[in-house]
Structure formats: structure tokens, C-alpha cells
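**Q** Just the structure for this:
(chains A, B, C, D, E and F)
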Protein chains: 4
Amino acid sequence: MGGTVLKTRIPQQKRGIKTRNRIIAAARILFSRDGYHGTNAKEIAAKAGVSVGSFYAYFKDKKELFMALTHGHMKQEILSMLDRIKELPSEKVGKKETVRHMIQVIADTHDQSPELYREIEALKYSDADILALHDEINAYFNEQFISFLEMFEDRLRITDVRAAARVIAGSVEETIHSLRLFDSPISEKRMIDALADMIHRYLFK
Amino acid sequence: MGGTVLKTRIPQQKRGIKTRNRIIAAARILFSRDGYHGTNAKEIAAKAGVSVGSFYAYFKDKKELFMALTHGHMKQEILSMLDRIKELPSEKVGKKETVRHMIQVIADTHDQSPELYREIEALKYSDADILALHDEINAYFNEQFISFLEMFEDRLRITDVRAAARVIAGSVEETIHSLRLFDSPISEKRMIDALADMIHRYLFK
Amino acid sequence: MGGTVLKTRIPQQKRGIKTRNRIIAAARILFSRDGYHGTNAKEIAAKAGVSVGSFYAYFKDKKELFMALTHGHMKQEILSMLDRIKELPSEKVGKKETVRHMIQVIADTHDQSPELYREIEALKYSDADILALHDEINAYFNEQFISFLEMFEDRLRITDVRAAARVIAGSVEETIHSLRLFDSPISEKRMIDALADMIHRYLFK
Amino acid sequence: MGGTVLKTRIPQQKRGIKTRNRIIAAARILFSRDGYHGTNAKEIAAKAGVSVGSFYAYFKDKKELFMALTHGHMKQEILSMLDRIKELPSEKVGKKETVRHMIQVIADTHDQSPELYREIEALKYSDADILALHDEINAYFNEQFISFLEMFEDRLRITDVRAAARVIAGSVEETIHSLRLFDSPISEKRMIDALADMIHRYLFK
DNA sequence: AATGAATGAGAATTCATTCAT
DNA sequence: AATGAATGAATTCTCATTCAT
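**A** As a prediction, the model looks like this:
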């Protein structure tokens, strides 16, 4: 019991990394489908094609896996989403198109892991570590989103860009989310139209 | 197995109704504090000052209790919230004030059971019954909110009132929620200002 | 707490006796259908149309009810069965008819409480009181059955009447029982014929 | 809920098979001593020297264990009993000896698990799966017993061999059973003599 | 590295019985 | 006498985690 014994394996070799990723991929599917509490280690291991023993060799516990999943994968998605949002806007394209593009990119990203995202929302209330992780990702997202908005410079009518960024991001997220999860009596097109109209009116002179 | 014996007790006497309510009250506190998954029947019973046996006499399981709690109490709150939203608007008060009033009422309501509300959000993904309950409440809320918006008649610039109602409700809910739960670097005032500005520009001519 | 307080009510009045009987009647049905362990006090009370409180006013516990049921009712049936067996045999009717009559009477009796009878069989292994009751009834039955056999006097080929009585009673009971409970590929008639033939050959010269 | 994970363990390794067998062995002892309803999972696990977790890893519940026990072990015993019954009869040994031998073999078998056998009898009334298992075993036994009787060919006086087989099997079973379980005032010898006499007279010319 | 058997604390649930009204 | 609400010990069962091989 000499101090430096690492509990979880840090895979140095290709095979180890592959295994780790397979576990994460399996967890993503199961957490999304059955929720964090509705999924157990045995199932994840089985789906990943490894033994429970291996599961615990790679992850201290279920929570650590969840956090690795969130951090490692969702962060990637958020970053690539921001890159794609920033691709478009220029003085050549209209402001309306830009807003729609932004919404579309967020929606696309959301589709990659809809329930999972909400699972984070739920877990952060009861777990400080997950809350910290959530905040970290959010903070990063906000900064990037603000810098995106600032690209429009003097075409903006808003003055408090930081506040606007959060209000807009929240509105888009919520709208997309409810669209994805429930059969709305209102078509997706109508909802996106309304949302784009709102944001456009708000942002631009 | 056998026949006609009811599983859960329908209280006939004052005492029974009192007990049932005490269990619901205890559950509300614990679900809010520790989350649905972080609370168990024994704890709820203890907090309510009753035995586990009583718990199961009144509720088939934790889920049924959760649904009774949601249905019985949250619905009340949403309804009274809507009443209060409708109180204000008239031709005498400005449109800006009305929007702020609306936001305020939703915020106040949210403050009554913030975590609990999100707990429903989380649970609905993994449970069909809770989803149905959520949808029922939401549908009611939407109808009322639409009729609220329609009170402004020809002062509105929007044409698709139903879509607008949902987009606005979602935006307010999300903004309020993130304000309540996290220490934002942005003050509440700034956020509410931004939100009110957005909705106002969107709604009115 | 002064010594002589009787725990269970001994009904002096017509109404009380009626209630007691209704509980026993309900128990008989439920014990037969779902078994002793598959039936609970609440169900019995509900079926009898009384409260659980009343149930425990009349019976110390479930076991006492079971024993009252067995003793009070089954004993009656066994006695009347014996009376009926003894009715027939005389020098006028043939021995074959007598054997068939005997089987028929046992079969008829069995039909009144088939599963219940076996429930006693099962319970007696784990409960000394029920075993004692069972033995008491059995002993009584045996004595009567022996005296029945002795009516045939010198027409009998058997010498050990007591042993014969038990072997025959067991054979009839078992055969009837399996006939009543399971869809036999062999018709009832064939089985009864075989049984009657066996007993007849065995008993008589 | 989730997918492809097997519920009960199918032991791949020697250790697992050993554990499973230890649980079955413990259950056999406890079911015999205290009855099915008088035994619980914790006790069985303790007696087997394993954890409750292991119990439930190998058996869905108590019933499944009971059925495994019945199927796996009793069936073996019944089959070996039939083999032994068939060993003897030939034209060299007398018919009386053969009948006694048959009784003796059934008695010996019964002695291996007397209460357990009756426990099946009791449980089959309230459980369809156990009834099916019982019927399966019984059907097999009957077929074998019939083929045993047919070995005597033209020495038999009975014509309906199938019916006779069941009547005889039932009589032997019942007699042996009551002998084993209760202190009879009649000695075992007298009972077996009576039984053998009855069967012999019935079967043979 | 990997496997999957084993663990046991703890959660869910039942029900015989008592007690307040 | 009667009611049905309340009790809580006992039981079933799950699952995150550890350990022997």
C-alpha cells in the first residue's frame, strides 16, 4: 500500500484507449436511452463488450465515467458547434440568414445527444462535481458565443452583449430541446420561424 | 393475486387525509433538496412522521407519490400564476411593464419549487407516465398563456401567436431557471432587462 | 391489565356468530383459491364484508382462523361422509356396489374442499398445532372407517382390518385427489373402475 | 429496462457451478426442514456460505430455485428409482417378491426427500409453473411404470394397465408418505404387508 | 490486462397485528 | 362492537464495487 498506486488505469497503448472509448460510447447510448440512474455498470460493460472488471479498471466509478463522457465528448461538440456558427457571418450574408444558421447549428448539435444533455442538467443539482463541470463548459460556451455576437459590431442594437448572449443561448436551447423531445402540435418550421424572428428583432437595428 | 382489495388507501377520514398530506409535504422538501433519486421511502416517511407502512398504504411507490405531488401542487401553482399574469394588462399600463410583470410572476412561481420543477423535467425522459403528466400541465399552461397574449389584440406584431407563446414561455423559464440556480457573473437585473427587452421587441409593434 | 381479559371475542349473540361464520366462509374460498400463504387478513376481511379490526376480534390470528375452519367445517364433512358411507351396506346390496358407494361418498366430500384439504397437508409439516389437529381428525376418521369395514364381518378376506383401513383410505383419497385436480388422460370412469376393482379384490373373499 | 444483459448467471467456471450447487444443496435441507414458505433467501445463502447477491445471481427468486431443485434432483431420483424397479422382475422371482421390491424401491426413494416431495404437492396448487413441472415428472414416471407392469404380460389379471398404474402408484406413494411422516400406531411392517397384499391380489391372476 | 464471480449494504415492499376513534 | 389507519419487522431484490483466478 505504498502511496503511489494508481487506482484507475491510464491507457498508454492503442488497445487500452480503444477499450476506454468503447465503454464511453456504450455509456452514451445507455445513459441517453435509460438515464443515468436507469443504467448500471454491468449493462455498460456488456454493451461495450468488456467485463465489469475492465470497466472499473478504466473508471473509478459510474460518475467518473459520466464526467469523462460529458467532458470528453460534449465539449468537443460544443467547440465544433461554435466553429461552425462562426463560419458564416460576414457582411455578405443577411442578418436573418445568420440567425437561422446559428439556430440550425445549435439544433444539429443538440441532435447528437439530446437526452444526455438534459441528464447533465438533472445530475448537476445533486452533485457538486458535475455542477462544476457543467459550469466550466457553459462558461466556455458563453465566451465563444459573446465573441461571435461581437462580430456584428455596430449592426447590433443591444448594449449588454454578455446578458444578451445568455438570454439568446438559453432561448434557442430550450426551444430546440422541446422540439426534439415532444410531438409538438406546432410544426418545427413555425417554431424556428418564431425563434429566428425574436432573436433577429432583438439583436439588430 | 386476490380479488377486490384496493391496493392504495383512499382516505375516508380526516386523519387519513392529514397523513397523506404530510407525506406529500415531506416528499416535496426532500425531493427538492436531494432529488428524486437521492430520496427514499424510509426518509420520506420519517420526515412525515409516519411509518413506511403508511407510505405504501397511500402511494403505490415513490413515482406515484411524485406524480401526486406534481399534479396536486404544481398544477395549483401554475394556475394561480396564470391568474396573476392576467391581472395586470390593460390599456392603462404600458406594454413594457406588462412584460416585466409577466416575467416576474413566472420567476416568483419558479421560486416556490425550483429544483422540483427541474426534477420533473429530468424524470419525464425516462418515464412515460411522468411525461404524460408533464405534457398535460404544459398543454394547459400554453392554452392559458395564448389567451393572455391574445388580450393585446392589434398591438401585437406577431402573427403566429401559438408559436410565439411557446418560444416566449421557454425563454423566460430557461432564463429564470439559470438565474436561480447558479451564481451568474451577470446580475439578475441585467438578465431580466435583456429578457424583457427581447420579448417586448418581439411581441409589439 | 387484569388477568382475565379475553383477547378474542366469543360471540354470544346471533349477529356475532353470523359475522364469525362469514369470515370463515370467506377464508375457505380464499384459502382454497390462493392458498394459506397467498391470502392475507385484509383480503379475508374484505371478502367477508368486515373490517380487519373485526377479523382480529374474532380470531387471534390467521392460523387460528385456519384451524377453526378446519376443525369446525371439515370435521363436519368428514363425519357426515362417514354416516353416508355407513348408510348403504347391508346384506341386500352387493359388495361391489358398496365399494363403489364408498368411493363415491369420499369423492363427493372431497369436492367440497379439494385444495383446502391439501393445504392442511402442507401446513401440518411446519406447524405443530395444525399437525395435532390433522392427527385428531384422521384418528377419528380411521376409527369410523374401521367400524365400517367391520360391518362386513366374515365376508372379509383380510385379517388386519386396521392396516387395511388406512391403506384403502389412503388409496381412495389419493386417487380422488389426483382426479379432481388434474386433467387426466384417463377418464374418471376408468380410474374409479380400477380403484373399485382393487379394493374389492383386496377386501372380500 | 436495458437490453441484452442476462439476468441470472449461467456459470461458465467450475467455481460458479460449485456455488450454484451449494445453494441448491442448502435449499434442499432448509425446504425439507422448514418448508418452502418457512425458508427465506437470506437463510439459504447463509447455509450455502454465499452472499444473498450470489443467490440472486444464480436464481431469479426462491421459486426458480425450488424448481431447479425439483427438476434437477428429484427427476434424477425418480429415474434411478424406475431403473431399480425394473431390475428385479423375471420369471424366476415370485410375483409377491416383485411387488414388495417395487414398494421398497419407492419407499427408499421417498426417504431421500420426504417433505420436499410433499412441498411440491402443496405448491402446485397455487403456482402454474410448479404444476407444469410436477405434471412433466409425473407423466414420465407413469410411462415408465406402465412399461414396468407390461413386463408381466399374461400373468396380469387387469385389463386397463394405464389406469392400474396410476391407482397403484398413488396408493404406494400415499401409504409410504403417511408412514414416513407420522408415528403410526400400526407398524411399518403391517402397513407394507397390507399394501403388498392389496396390489398383488389386484394385479395378478 | 482481463475476466466474471462474489459481496453486502441498502432500497423497495408486504402484511400480520395493534390501536385510536 | 366496529372501523380502518397506523405500525414496523421481516423479506425480497438490486447494483456499485471488489477480488480471486
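**Q** Packing partners of the strand or helix carrying A:Ser54?
**A** For A:Ser54, the element it lies in under DSSP states H and E is helix A:52-58. Counting contacts by 3 or more CB pairs under 8 Å, 6 or more residues apart in numbering or on different chains; DSSP states H and E, helix A:52-58 is packed against helix A:14-34, helix A:41-48. C-beta coordinates here come from the backbone N, C-alpha and C atoms, glycine included.
**Q** list the buried ones in the last one?
**A** If you call a residue buried by 16 or more other CB atoms under 10 Å in any protein chain shown, then helix A:41-48 has these buried ones: A:41, A:43-48.
**Q** for chain A, longest helix please?
**A** Ranked by number of residues, the top helix in chain A under DSSP state H is helix A:128-150.
**Q** what sits up against it?
**A** When contacts are defined by CB atoms under 8 Å, 6 or more residues apart in numbering or on different chains, helix A:128-150 is touched by residues A:63, A:66-67, A:70-71, A:74-75, A:78-79, A:82, A:85-86, A:89, A:102, A:120-121, A:123-125, A:156, A:161-162, A:164-166, A:168-169, A:203, B:182.
**Q** Out of those, which sit inside helices?
**A** Checked against DSSP H, the contacts of helix A:128-150 include these in helices: A:63, A:66-67, A:75, A:78-79, A:82, A:85-86, A:102, A:120-121, A:123, A:161-162, A:164-166, A:168-169, A:203.
**Q** Tell me what angle the worst-scoring helix or strand of chain A on mean pLDDT forms with helix A:62-69.
**A** None of the helices or strands of chain A scores lower by mean pLDDT, DSSP states H and E than helix A:114-123, at a mean of 76. Helix A:114-123 runs at 130 degrees relative to helix A:62-69, counting by axes from the mean of the first three to the mean of the last three CA atoms, to 10 degrees.
**Q** Can I get helix A:114-123 in CSV? Just the C-alpha atoms.
**A** In CSV, the C-alpha atoms belonging to helix A:114-123 read as follows (Å, rounded to 0.1, in the frame of the first residue of the first chain):
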residue,chain,number,x,y,z
PRO,A,114,-30.4,15.3,-26.7
GLU,A,115,-31.4,13.3,-23.6
LEU,A,116,-27.8,13.2,-22.4
TYR,A,117,-27.6,16.9,-22.2
ARG,A,118,-30.7,17.0,-20.0
GLU,A,119,-29.2,14.3,-17.9
ILE,A,120,-26.4,16.6,-17.0
GLU,A,121,-28.9,19.2,-16.1
ALA,A,122,-30.6,16.8,-13.7
LEU,A,123,-27.4,15.5,-12.2
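**Q** any idea how far the residue nearest the centre of chain A is from A:Ile24?
**A** What sits nearest the mean C-alpha location of chain A, by CA atoms, centre = their mean, is A:Met74, with 4.5 Å. Relative to A:Ile24, A:Met74 is positioned 11 Å away (CB to CB, to the nearest Å).
**Q** Repeat that for A:Phe148.
**A** Taking CB to CB, one finds A:Phe148 at 29 Å from A:Ile24.
**Q** Over to A:Ala122?
**A** A:Ala122 sits 20 Å away from A:Ile24, taking CB to CB as the criterion.
**Q** now swap in A:Phe145 and tell me
**A** Counting by CB to CB, the gap from A:Phe145 to A:Ile24 is 27 Å.
**Q** Looking at those two, which has the bigger crowd around it?
**A** Remark: of A:Phe145 and A:Ile24, A:Phe145 carries more neighbours, 24 against 19, as counted by other CB atoms under 10 Å in any protein chain shown.
**Q** just for chain A, where's the confidence low?
**A** Scanning chain A for pLDDT under 70 picks out A:1-7, A:9-12, A:88-92, A:114.
**Q** Okay, domains of it per the record?
**A** For chain A, automatic domain parsing gives the domain ranges A:7-60, A:69-203.
**Q** Would the first one count as contacting DNA strand F?
**A** Yes - judged by CB under 7 Å from any atom of the strand, domain A:7-60 comes into contact with DNA strand F at A:40-42, A:52-53, A:55-56.
**Q** Against DNA strand E, which of these make the cut? List them.
**A** Contacts with DNA strand E within the residues of domain A:7-60 next to DNA strand F, as defined by CB under 7 Å from any atom of the strand: A:52-53, A:56.
**Q** Report how many residues lie close to the residue nearest to A:Met67 when sequence neighbours are not counted.
**A** Spatial nearest neighbour of A:Met67, excluding adjacent residues (CB to CB, 6 or more residues apart in numbering or on different chains): A:Leu133 at 5.7 Å. By the criterion of other CB under 10 Å, A:Leu133 has 21 neighbours.
**Q** Also the one 10 residues further on?
**A** A:Glu143 sits with 13 neighbouring residues when counted by other CB under 10 Å.
**Q** Could you check how far it is from DNA strand F?
**A** Between A:Glu143 and DNA strand F the computed distance is 33 Å (CB to the nearest atom of the strand, to the nearest Å).
**Q** now the contacts of helix A:128-150: which count as buried?
**A** The neighbour-count test (16+ other CB under 10 Å) marks A:66-67, A:70, A:74, A:78, A:82, A:85, A:89, A:102, A:120-121, A:123-125, A:156, A:161-162, A:164-166, A:168-169, A:203 as buried among the contacts of helix A:128-150.
**Q** ok, now which ones touch A:Phe204?
**A** With contacts defined as CB under 8 Å, 6+ apart, the neighbours of A:Phe204 are A:95, A:152, A:155-157.
**Q** ok, back up a step: most neighbours, which of the ones next to DNA strand E among the residues of domain A:7-60 next to DNA strand F?
**A** Going by other CB under 10 Å, A:Tyr56 tops these with 18 neighbours.
**Q** contacting residues for the residue lying closest to that one once chain neighbours are set aside?
**A** Leaving aside its sequence neighbours, A:Tyr56 sits nearest to A:Ala41 (CB to CB, 6+ apart; 7.5 Å). The contact partners of A:Ala41, taken as CB under 8 Å, 6+ apart, are A:52, A:55-56, A:62.
**Q** just A:Thr39 next, same as before
**A** Applying CB under 8 Å, 6+ apart, the residues near A:Thr39 are A:27, A:30-31, A:33, D:2.
**Q** what about it, is that helix, strand or coil?
**A** A:Thr39 carries the three-state label coil when classified by DSSP: H, G, I helix; E, B strand; the rest coil.
**Q** Please tabulate the helices and strands packed on helix A:52-58 in TSV, including the columns distance to B:Gly16.
**A** Rendered in TSV, the data for those read as follows (distance: least, CB to CB, whole Å):
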stretch	distance to B:Gly16
helix A:14-34	36
helix A:41-48	41
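**Q** related to what we said a few turns ago, ok, and of the contacts of A:Phe204, which contact chain C?
**A** Contacts with chain C are made by none of the contacts of A:Phe204, judged by CB under 8 Å from any CB of the partner chain.
**Q** Is it possible to mark the buried ones in those residues?
**A** The neighbour count (16+ other CB under 10 Å) marks A:95, A:152, A:156 as buried among these.
**Q** partner residues bridging the closest residue to the first one other than its chain neighbours?
**A** Right, A:Lys95. Nearest residue to A:Lys95, sequence neighbours excluded (CB to CB, 6+ apart): A:Phe204, at 5.0 Å. According to DSSP bridges, the partner residues bridging A:Phe204 are A:Leu156.
**Q** near chain D, which residues of chain A show up?
**A** Contact residues (CB under 8 Å from any CB) of chain A with chain D: A:30, A:33-34, A:38-40, A:42-43, A:46-47.
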